[in-house]
Structures are given as structure tokens and as C-alpha cells.
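Structure here, sequence nowhere to be found:
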């Protein structure tokens, strides 16, 4: 990934991004070419030296059974938004401004480990469920479903674990613009209703 110094993400920002409840793209290189699946992941910061991303795929999705050659990759996305130059104070001054795109992303590389193990999967789906149901008024639990049904669902999936070896991350949130332009971006995003992106620009400004 091309990461200019002023857009480099520090360790705290990377950890915060990976810890969010979200889904991401798992990409593996196989003998037959690249294969990709979009799936929810759980970041386990205590697994190994750099942590791990844990998830599962449908058993019928043959990505898990096609051996990965070399590193595998998970692409994680944070806030992103189109930025119009009309928000820049500098546009009114000299007109030398063009549109751009703000975004936060991490390319997470590692060794892919397959877990065809219902006990491992049971623990994972409970952790994933607890994480994503935490904000619900009445959180759903795996135990709300009949045990026989849950057992059947677990047999229909296979676990995947990306044991992280390195991370390339980028926060492009208008840090290269003058302060008055950044103010305009934040105001414009808030007016658009994209408060998450506005907050990301505020956070990047410090």
C-alpha cells in the first residue's frame, strides 16, 4: 500500500480499527489464482506476536479447502467519504483545488489457519454474537436457539484464523490540507449527515 508519512496510521489507530465490530475481505492466493470472501472478523489482540483475525466461512465455500500459497490478506475498511473542493476555504482564495476521497484502511497480512472443529467454532460464534449483539436492547444469545439446530449450523461452517505477520495502514483524513480547509471538510460532512466521517477527520487532526 502507498502510505505517505502524513497519512501513516499509528498502532493505537490500527488497534482501534481492527477492534471495531465489522466485516472485511479475506483474500488468498491459491494454485488457481486469487480467491476472496467478505466475512465478519473478531480481532484477538492476545493471539501470537501481532494478534489474529478470527472468522468463519460456509463449508460450501471452497476457499477454506484451497491451500493458500504465501501470505493471506484481509482488507479492513474504516470510514470513507467523497470530499468536494467546494468545502475548502482555499478554493475561494485561488481555485487550485480538486475532489478527493478520505478513507481509513488496513491491509492485514498473515498465515491462514483453518479450524474444522465444532468446539473452536462454538467459542468463536459466541464471541462474535456477544460482540455484535452488545448494543441491542435485548441481546440475542446462541443459547436462544435449540441445541440441535445450533449443532447443525456449526457443522455447516469452517473457522478461519489469520495469524497476523504485518499490517500496512493508512488514515487519509485531510491532514494535508490547511486548517481552514479541514474545518470546511468537517462542516460539510456534518451537513451531509456523515457524522462518522466528520469525527474521523476531527480525530486525525488531533
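Perfect, thanks for sending it. All values derive from a computational prediction rather than experimental measurement.

pLDDT averaged over stretch 79-93, what's the number?
The average pLDDT for stretch 79-93 rounds to 95.

Next: stretch 61-70.
93.

Could you work out the end-to-end span of that stretch for me?
By CA to CA, to the nearest Å, the extent of stretch 61-70 from end to end equals 20 Å.

Contacts for that stretch, please.
Stretch 61-70 has contacts (CB atoms under 8 Å, 6 or more residues apart in numbering) with 26, 28-32, 35-37, 57, 112, 114, 116, 158, 160. In short, each C-beta sits where N, CA and C put it, glycine included.

shouldn't residue 171 be in contact with residue 9?
Yes - using CB atoms under 8 Å, residue 171 is in contact with residue 9, at 4.7 Å.

hey, what's in contact with both of those two?
residue 104.

the more surrounded of these two?
residue 171 (25 against 22; other CB atoms under 10 Å).

Mind checking which residue lies nearest the centre of the chain?
residue 76 (2.8 Å; CA atoms, centre = their mean).

Only the buried residues of the helix or strand hosting that one, if you could.
In this structure, residue 76 sits in strand 72-83 according to DSSP states H and E. Residues of strand 72-83 classed as buried: 72, 73, 74, 76, 78, 79, 80, 81, 83 (neighbour count, 16 or more other CB atoms under 10 Å).

follow-up on the earlier one: and the contacts of stretch 61-70, which are buried?
Here, 16+ other CB under 10 Å leaves 26, 28, 29, 35, 37, 57, 112, 158, 160 buried among these.

Out of the residues you listed, which is nearest to residue 204?
Nearest to residue 204 among those, counting by CB to CB, is residue 26 at 27.1 Å.

how close does that closest one sit to residue 171?
22 Å (CB to CB, to the nearest Å).

quick one: the strands in this structure?
22-30, 33-44, 52-58, 72-83, 100-115, 157-172 (DSSP state E).

Take those strands and write them to a markdown table, including distance to residue 184.
Below are the strands of the chain laid out as a markdown table (distance: least, CB to CB, whole Å):
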| stretch | distance to residue 184 |
| --- | --- |
| strand 22-30 | 29 |
| strand 33-44 | 34 |
| strand 52-58 | 36 |
| strand 72-83 | 10 |
| strand 100-115 | 13 |
| strand 157-172 | 17 |
